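1. From the sequence below, what's the structure:
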Amino acid sequence: MGELAQQNGQSDAVKSFGRMLSTDHAAANQKPLNAAQALGMNPPSGPNAKQKADHDKLARMSGAGFDKMFATHMVADH
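-> This is a model prediction of the structure:
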């Protein structure tokens, strides 16, 4: 979603938030991935069906409409 915000967003605020989201989530995901692998578990390799549907919906948008929908989704998701 962070990369999508950087590509499809119109406002600098959305693009900046997208960069921060990508950076923070990549760093935050590494520890649980390492722990799961150390325990012999196979963590999910990608988004679940709902996450993919949300991404695909936003991927078809751009500009101000994207910014509004992205902000709404981020507030609801976090």
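2. can you give me the helices in the chain?
-> 2-8, 12-38, 49-59, 63-77 (DSSP state H).
3. The longest one to helix 63-77, inter-axis angle?
-> What it means is helix 12-38. 40 degrees (axes from the mean of the first three to the mean of the last three CA atoms, to 10 degrees).
4. would TSV of the helices of the chain with mean neighbour count and mean pLDDT be doable?
-> The way it works is simple: take the backbone N, C-alpha and C, and place the C-beta from them, glycine included. Shown next, in TSV, are the helices of the chain (neighbours: other CB atoms under 10 Å; pLDDT from 0 to 100):
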stretch	mean neighbour count	mean pLDDT
helix 2-8	18	96
helix 12-38	13	93
helix 49-59	12	95
helix 63-77	14	95
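5. neighbouring contacts of stretch 51-60?
-> 1, 4, 8, 46, 47, 66, 69, 70, 73 (CB atoms under 8 Å, 6 or more residues apart in numbering).
6. For those, give me JSON lines that also has distance to residue 53.
-> Output for these, formatted as JSON lines (distance: CB to CB, whole Å):
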{"residue": "1", "distance to residue 53": "12"}
{"residue": "4", "distance to residue 53": "13"}
{"residue": "8", "distance to residue 53": "16"}
{"residue": "46", "distance to residue 53": "13"}
{"residue": "47", "distance to residue 53": "9"}
{"residue": "66", "distance to residue 53": "16"}
{"residue": "69", "distance to residue 53": "13"}
{"residue": "70", "distance to residue 53": "15"}
{"residue": "73", "distance to residue 53": "11"}
